[in-house]
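[1] Need a 3D model of the sequence below.
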Amino acid sequence: MDISAQHKAIKQTKPRKPDFEQLYSAVRTQEKKVYTDAELQSLPDFSIHSKEWEIRRRSSNRLLTYLGDKGKFLKILEVGCGNGWLSAKMAGLPKTYVTGLDVNRTEINQANRVFKLPNLEFVYDAFNENTFENERFDVIVFAATLQYFSSVVSVLRQAEKLLNRGGEIHIIDTPFYDADEAAEAADRCRNYYNDMGIPEMADHYFHHSIGEFWGFKYKILFDPSSLLNRLFKKDPFYWVSITK
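    The predicted model follows:
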């Protein structure tokens, strides 16, 4: 066997690094966030991880009220819909058609099995420039997913291209950090995944700041630093809206 053939053989037998889908699925299992069909139907009113789901129930209710108040037909895309619970809630609003998109095949299959509505569909795919070449949306939602994209600017510019005129992007349930907090948060993140035995996942989790929305036409619809929130609800996440 010549040297080039030997090199090719070594390259072919080298173990493949797990991709994001595999890593994320492993994390969900470790965190006990793989739900039965019955549990999924009850979200966000669910006892396990109750504090987290109380926060998500309040944030989703704010979003649902906002969308419902528009009183017009909305074509909605949720990027990173996971098991589809929020997409299903949005599809429960009148005058909506909702598409949930995710790279976790197991959760997409479950969402398709559990949530059967005529105005709801789930798609197993990554979010990129080719995913919805010929479709446009009135609303695009990133709920607890923006942290898995390395560049806020890149993914939001991509999302803007899919919006109808006057369309909106909504970002909820997503942590943002000051510059001096980001490095400490990254260390905590890496330690968390190391302790879990899935260290590679830290390479797919990014610590963004509100400053990265500079250049977009954005509004903060919920500010966790407000006095009222700090005194009572203690919801930790911003709700950011971007208008095309």
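[2] ok, for the residue nearest the centre of the chain, nearest residue in space, not its chain neighbours?
    Nearest residue to the geometric centre of the chain (C-alpha atoms, centre = their mean): Thr145, 2.3 Å. Closest residue in space to Thr145, ignoring its immediate chain neighbours: Gly80 at 3.1 Å, by C-beta to C-beta, 6 or more residues apart in numbering. From N, CA and C alone the C-beta is placed, and that goes for glycine too.
[3] Would you mind giving me the confidence score for that neighbour?
    Here the pLDDT value assigned to Gly80 is 98.
[4] Repeat that for Pro175.
    96.
[5] What count of nearby residues applies to it?
    Counted by other C-beta atoms under 10 Å, the residues lying close to Pro175 total 17.
[6] Hmm, it is touching Ser209, no?
    No. Using C-beta atoms under 8 Å, Pro175 makes no contact with Ser209, being 10.1 Å away.
[7] Can you mark which positions in the strand ranked longest in the chain are buried?
    Counting residues, the longest strand found in the chain (DSSP state E) is strand 163-174. Neighbour-count burial for strand 163-174, counted by 16 or more other C-beta atoms under 10 Å, picks out Leu163, Gly167, Glu168, Ile169, His170, Ile171, Ile172, Asp173, Thr174.
[8] Tabulate those (a markdown table), appending distance to Pro224.
    As requested, the buried residues of strand 163-174 are exported to a markdown table (distance: C-beta to C-beta, whole Å):
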| residue | distance to Pro224 |
| --- | --- |
| Leu163 | 26 |
| Gly167 | 25 |
| Glu168 | 20 |
| Ile169 | 19 |
| His170 | 16 |
| Ile171 | 13 |
| Ile172 | 11 |
| Asp173 | 11 |
| Thr174 | 11 |
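[9] Can you list the residue ranges for strands in this protein?
    Secondary structure of the chain, counting by DSSP E: strands at 74-79, 96-102, 120-124, 137-143, 163-174, 218-222, 238-243.
[10] okay, those strands in a markdown table with distance to Lys51 next?
    Formatted as a markdown table, the strands of the chain follow (distance: least, C-beta to C-beta, whole Å):
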| stretch | distance to Lys51 |
| --- | --- |
| strand 74-79 | 23 |
| strand 96-102 | 24 |
| strand 120-124 | 28 |
| strand 137-143 | 17 |
| strand 163-174 | 13 |
| strand 218-222 | 18 |
| strand 238-243 | 18 |
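[11] how about those, which one is nearest Ser25?
    Taking C-beta to C-beta, strand 96-102 is the member of the strands of the chain nearest to Ser25, at 11.1 Å.
[12] And Arg113, how far from Ser42?
    If you measure Arg113 against Ser42 using C-beta to C-beta, to the nearest Å, the figure is 16 Å.
[13] do Lys217 as well
    37 Å.
[14] now swap in Asp19 and tell me
    Distance from Asp19 to Ser42, by C-beta to C-beta: 31 Å.
[15] List the buried residues of stretch 101-116.
    Going by neighbour count (16+ other C-beta under 10 Å), the buried part of stretch 101-116 is Leu101, Asp102, Val103, Asn104, Glu107, Ile108, Gln110, Ala111, Asn112, Val114, Phe115.
[16] chain center to that stretch, what's the gap?
    In terms of C-alpha atoms, centre = their mean, to the nearest Å, the centre of stretch 101-116 is found 14 Å from the chain centre.
[17] Number the residues from 724 up from this point.
    Yep, numbering from 724; the last one is stretch 824-839 now.
[18] got a list of what Pro947 touches?
    Neighbouring residues of Pro947 by C-beta atoms under 8 Å, 6 or more residues apart in numbering: Arg953, Asp958, Pro959, Phe960, Tyr961.
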